Every structure is written in C-alpha cells, then in structure tokens.
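> This is a predicted model, with the sequence first.
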Amino acid sequence: MVFLAFYKGPAPTLTHKIAHHAVAWWTNSLYSHCELVVDGLCYSASARDNAVRLKNIDLTDGKWDLVPVRNVDVAFAKDHYEKTKYHSYDWAGVGRFVIPKLPLSDTRWYCSEWCAAALKFPEIEFSPETLCVYARYLLD
C-alpha cells in the first residue's frame, strides 16, 4: 500500500516549531510537510535535509496523518525519485505561496510539489493541505 503522510507536529525544536506553525498558518492547515510512503520508506523534498531524499521515519509517533493512495504507478514514483534525488529544496517554491511571482524551477522541489509529481497528479501548486484534500477526494 502507498500512503501520503502529513506532518501535524508537534515539532521538536523552537526553530522547527516556528517553521511548522508558519507554514500551517499561511496555508490554513494542520500540516506543514508531507511524505510519499512506499513500502514503509518515506520519499520527499525536505527543508530539514535541504534536498529530495529517501528516509526511514517513524510514522507511528502521533505526529503524522496517513492517507492511502490508490492506483499508484510505483515504478514511476521510484523513477521520479531516482531522477530528482539530491535536487535542492525549493525555498522560492514555498515562497510562491506568499509571493506568486517568484521563479519556478525544474531542479528544486518542495515536499507537496515533489509528492504530487511522483503520483502524476495535476501540475498545480499543492500545499500539504491541498494535497491532502486532493488525495482524500480520490478515495471517494
């Protein structure tokens, strides 16, 4: 089974708490980050790691909401990871939620943008919240 995992906190440090609450507040959401979970491994673009990366994360600690995703082309998602791993985090992309005219990038990613692309979702500006809503809609 493939899931999207949405981070709702609480964040461990003051810096992370500020970042989490700023993103969640600005996007009118509980969530500040998301991961694509395939075979128990988490794929995403991470501000903490400043890159697209694969990581083993404890998703049972109460800080995450999991949404199953159906009809996933897992081979495509893994290929997307192989093509983009180590690409830099897209700080300007996150900033586009505040200043829409900031530049687009083909080589930098933020979490919900990366997850949506790996799932072949439409090319729109997904925040973690809008990605969660879209993924839940697909369950109906």
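Sure thing, it's come through. Residues are numbered from 1 along each chain as shown.
> After the helix or strand containing residue 18, which helix or strand is next? Please name it.
Taking DSSP states H and E as the definition, residue 18 sits inside helix 14-26. Following helix 14-26 in sequence order, the next helix or strand is strand 33-38 (DSSP H and E).
> packing partners for that following strand?
Secondary structure elements in contact with strand 33-38, counted by 3 or more Cβ pairs under 8 Å, 6 or more residues apart in numbering; DSSP states H and E, are strand 2-7, strand 41-46, helix 74-84, helix 111-118, helix 128-139. From N, CA and C alone the C-beta is placed, and that goes for glycine too.
> lowest-pLDDT helix or strand in the protein?
Across the helices and strands of the chain, mean confidence by mean pLDDT, DSSP states H and E is lowest for helix 91-95: a mean of 83.
> Now do the buried residues in it.
For helix 91-95, burial by neighbour count (16 or more other Cβ atoms under 10 Å) applies to 93, 94.
> Residue numbering should commence at 32 henceforth.
With 32 as the first residue, the last one maps to helix 122-126.
> after it comes which helix or strand?
Sequence-wise, the next helix or strand beyond helix 122-126 is strand 139-140, with elements assigned using DSSP H and E.
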